[in-house]
Each structure stands twice: as structure tokens, then as C-alpha cells.
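> The sequence and its predicted three-dimensional model are supplied below.
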Amino acid sequence: MSLLACPGKYTVKLIVGGKEYRQPLTVIKDPHSAGTEADIRAQFTFLEKVEENSKSVAEMINRA
């Protein structure tokens, strides 16, 4: 599962040939989304927990 970043300000870091480059990045809310930014953050948090639980279950299955 790949989660999309919540709206907000981020810094993108790229390392090439031992040299580091940083660039600020602003993620904006999809204008077609009816949810508020708080709704989007709550959904992101929920999906993070679902992903964590899925990984945990997969590990348990693999151990069994």
C-alpha cells in the first residue's frame, strides 16, 4: 500500500554522487476532495494503522 502525503510543507532530499540536494515542497489539498484537511489527516492516520496491522498479520502468518 502506498499512502499519499497529507497537505502541508515538506522538504525533499536527494543524494547523488555523495552530494545532497534539498528543496522545499508544498502539497496542496485536491480541490475535488470534499474532505477537510483534518479529515484527510485522520484518514491518513487510520490508513497508517491499517498498514501496520497488515504487516504484523503477514509476519505472524509467515512465522506460523
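That came in fine, so what should we check first?
> and stretch 32-48, how far from the chain's centre?
Centroid separation for stretch 32-48 versus its chain: 11 Å, with CA atoms, centre = their mean, to the nearest Å.
> Show the average pLDDT along it.
The pLDDT scores in stretch 32-48 average 92.
> Also stretch 51-64?
Confidence for stretch 51-64, expressed as mean pLDDT, is 92.
> Just checking the distance from that stretch to the centre of its chain.
Per CA atoms, centre = their mean, the displacement of stretch 51-64 from the mean C-alpha position of its chain is 20 Å.
> which residues touch the closest residue to Glu37 other than its chain neighbours?
Leaving aside its chain neighbours, Glu37 sits nearest to Pro7 (5.4 Å; criterion: CB to CB, 6 or more residues apart in numbering). No exception for glycine: its C-beta is placed from N, CA and C like everyone else's. Residues near Pro7 by CB atoms under 8 Å, 6 or more residues apart in numbering: Val27, Ile28, Lys29, Glu37, Ile40.
> Thanks a lot, catch you later.
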